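> heads up, no residue letters with this:
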Ligand code: SF4
Ligand code: SF4
């Protein structure tokens, strides 16, 4: 990983009496160090990659405290790492993106939660829910309920987030149960401040090791111990958790004068709920609300007594619960019924059942709820005016935009090395017709979007080849599978490739070897070219493939579109029966640019000759049919109005963002398109030879120009 987090690491060194200023996710990292953890692990994924990124760069702090840090190969590995807290008083934390990562980790989580923990175990999950999310829209809440793990959902402000991390470990130890800390994207990126404490060295660590291993069959997940563990969960651990949460006031009540109403919200929804009340004139700029609010910083388990106390004497409450199913709202009904309270419960009848609770969604829902419950203390006229103004603003915005705002789905970066593979597939499709492509998770999933629309199915990270195993035998022609190198190491090597070799699959697999898990922020993987001294630098995809019996392996430099198309053709028509693997090899362009930019700047500063390659389109030659755009999809390859009045269609144009990867020229060549692409080498700090060549060229062009001018 080339990105450095030196600035963030400095914040981790703050001690008692100092104030931390920064982002929510970095506050979590600092809180882990303040909590005396012995070990930390995780698998990268938005929005919590930062935990691992920063701690990996904070080796001096980790070494000083004796904390072990591990970059796990998958979320399953990270969850299994928490096994260190089962027998020993070791505090540990792991992080991943949920719900995808929690799906992967769920086997280990079931075992862990069944046997329980001695040392505090905290799972930091990035709840990537909402319209900016890159994953399936599901909730981690279901995992908490299924395995009886406690779920913290802190109010997005830094002191609360930090307190929840610290209390999360205590809760875990008080109830012998692992705890999940759920952070939405907004909570991770919220900025604020908190009073720092000194980092705490753990009792047992790499510096102070355990001497005697402990064995206790009651802590092994094997019958008959599992039956006792289930009883222990509900009879001992759950009540202990409820007691701890209540006694330590992990949930918060903000009283308000309009006592007949109340809002109950997930902690993560607090900011957006208060903002809605502010806009409706029912809260001030500091968040002091006229309507009482019960904030669930712990969304599982619920504390029935607290819920009943908050609702007692209220005519109606609104549950602000993002996502579905409405676990909390349904539980609220049950709690009130058992307590024989007649408070009317609202929630999904005013707020959408599914989708992200943005500021606008919550404002509209809260306003409509207030109109319906019609309290004498709430000015319904002003509520109506806010709703009318909101509608007017939206209508005006639509008018100014001349219609709906076009969707802007994500896409490959400029110069991405994965794009040429799909250009080659488009060319093959022209010859042979469409073929089934089993896609995978990673940047390469963008191939399913225009202009490629390549990839018929996506089943999960590293599962491309496994998902092809039922498809391939059903087609007369060979099908193709895509897998990234991140997915390969995550589980594709076993669930896909070992499975295919074992079952004598005749499929074609393209492995995108760009060197990083790019989509999560370009973290290193086992086969990354440059590793730090803490990681093995000797793991290769090719050797792993050979080791499990793959015989047909062809590496191709991705930017050579013709070579890629030729290799794909060969794989499709080969007489070889067995798995055929094409390794599409070229470094992630985003990471490459990050890596070379400082090198170029240093070379320029030192007065060294630097050559920058750019591509362009000769608009006199461009016919304006835009095949090049349809086949390359590079955002830098765009259109502009033709200066020739006889050309009606706009011509292709390469803008200044071009990184000079050469794909557009390659595509023009491989697809036998028009010869309008040119390559220009921009020489900075030219040497004497460059200057001489430039003078000669200028002279030659100078001779030709008057002739041209005279003719015109
Ligand atoms: S991050 Fe790298 S691999 Fe991903 S789209 Fe950008 S250039 Fe391609
Ligand atoms: S060379 Fe072509 S494909 Fe590559 S970045 Fe420039 S415009 Fe895009």
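Okay, I see it. Everything numeric in this text was worked out from a predicted model, so none of it was measured. Ligands and ions are numbered 1, 2, ... in the order given.

> residues from this structure in reach of ligand 1?
Within the chain, the positions lying close to ligand 1 (C-beta under 6 Å from any ligand atom) are 412, 413, 416, 418, 443, 514, 518, 519, 588, 589, 590. The way it works is simple: take the backbone N, C-alpha and C, and place the C-beta from them, glycine included.

> so residue 286 sits in a helix?
No: secondary structure assignment (DSSP: H, G, I helix; E, B strand; the rest coil) places residue 286 in coil, not in a helix.

> number of residues surrounding it?
By the criterion of other C-beta atoms under 10 Å, residue 286 has 8 neighbours.

> contacts for the helix or strand of the chain with the lowest mean pLDDT?
Every helix and strand of the chain was ranked by mean pLDDT, DSSP states H and E. The lowest is helix 688-711, at a mean of 82. The contact list for helix 688-711 (C-beta atoms under 8 Å, 6 or more residues apart in numbering) reads 609, 683, 686.

> again, only this time at 6 Å
residue 683 (C-beta atoms under 6 Å, 6 or more residues apart in numbering).

> same check on stretch 310-327?
Against stretch 310-327 from outside (C-beta under 6 Å, 6+ apart): 129, 139, 141, 260-266, 269, 273, 294, 328-329, 332, 341, 343-344, 346-348, 353-354, 357, 369, 373.

> just the buried residues of those residues.
Taking 16 or more other C-beta atoms under 10 Å as the criterion, what is buried in those is 129, 139, 141, 261-266, 269, 273, 294, 328-329, 332, 343, 346-348, 357, 369, 373.

> pLDDT score for the closest residue to ligand 2 within the stretch 51-200 of the chain?
Nearest to ligand 2 in the stretch 51-200 of the chain, going by C-beta to the nearest ligand atom, is residue 134, at a distance of 23.4 Å. Here, the pLDDT recorded for residue 134 equals 81.

> what's residue 54 sitting at in phi/psi?
Torsion angles at residue 54 (phi, psi; degrees, to the nearest 10) stand at phi -70, psi -40.

> hmm, it is touching residue 8, no?
Yes: with contacts counted by C-beta atoms under 6 Å, residue 54 reaches residue 8, the gap being 4.8 Å.

> so which residues on this structure come close to ligand 2?
414-415, 615, 632, 634, 636-637, 654, 658-664.

> just these: which are in strands?
615, 637, 654 (DSSP state E).

> can I get those residues in TSV including pLDDT and neighbour count?
Compiled in TSV, those are given as follows (pLDDT from 0 to 100; neighbours: other C-beta atoms under 10 Å):
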residue	pLDDT	neighbour count
615	91	22
637	92	24
654	94	22
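
> which one of these is nearest ligand 1?
Looking across these and measuring by C-beta to the nearest ligand atom, the closest to ligand 1 is residue 637, at 15.2 Å.

> bridged to the closest one, which residues?
For residue 637, the beta-bridge partners under DSSP bridges are residue 654.

> does whatever residue of the stretch 251-400 of the chain ends up closest to ligand 2 belong to a helix, a strand or coil?
Proximity of the stretch 251-400 of the chain to ligand 2 (C-beta to the nearest ligand atom) peaks at residue 400, 31.4 Å away. Under three-state DSSP, residue 400 falls in the helix class.

> what is the burial count for it?
Per other C-beta under 10 Å, the neighbour tally for residue 400 reads 7.

> can you check the pLDDT for it?
Looking at residue 400, its pLDDT reads 88.

> and what of residue 3?
63.

> mind listing the helices for the stretch 401-550 of the chain?
In the stretch 401-550 of the chain, the helices defined using DSSP state H, counting those that start in this stretch lie at 419-432, 464-468, 485-487, 499-502, 541-547.

> would you check that residue 491 makes contact with residue 462?
Yes: here residue 491 reaches residue 462: they are 4.2 Å apart, a contact under C-beta under 6 Å.

> neighbour count: those two, which is higher?
residue 462 (26 against 18).

> so, low pLDDT: which residues of this protein?
Across the chain, the ranges flagged by pLDDT under 70 are 1-3, 706-712.

> tell me how many other residues crowd residue 381.
7.

> ditto for the one 10 residues further on
Number of residues near residue 391 (other C-beta under 10 Å) recorded here: 11.

> residue 499 now?
So residue 499, with other C-beta under 10 Å, has 16 neighbours.

> residues in contact with the nearest residue to it once chain neighbours are set aside?
Of all residues not flanking residue 499 in the chain, residue 466 sits nearest, at 5.9 Å (C-beta to C-beta, 6 or more residues apart in numbering). Residues in contact with residue 466 (C-beta under 6 Å, 6+ apart) are 495, 496, 499.

> now residue 483
Counted by C-beta under 6 Å, 6+ apart, residue 483 has contacts 440, 464, 465, 492, 511.

> output those as JSON lines; include the columns neighbour count.
Listed next are these as JSON lines, based on neighbours: other C-beta atoms under 10 Å:
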{"residue": "440", "neighbour count": "33"}
{"residue": "464", "neighbour count": "33"}
{"residue": "465", "neighbour count": "30"}
{"residue": "492", "neighbour count": "26"}
{"residue": "511", "neighbour count": "29"}
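
> hmm, back to that, list the buried residues for the least confident helix or strand of the chain?
Buried residues in helix 688-711 (16+ other C-beta under 10 Å): none.

> could I get the full set of helices for the stretch 251-400 of the chain?
270-279, 304-311, 327-338, 359-373, 380-401.

> just those helices: most buried one?
helix 270-279 (a mean of 22; mean count of other C-beta atoms under 10 Å).

> packing partners for it?
The contact analysis (3 or more C-beta pairs under 6 Å, 6 or more residues apart in numbering; DSSP states H and E) places helix 270-279 against helix 359-373.

> what comes into contact with the helix it packs on?
Contacts for helix 359-373 (C-beta under 6 Å, 6+ apart): 272-273, 275-276, 279-280, 316, 318, 346, 350-351, 378, 380, 383, 387.
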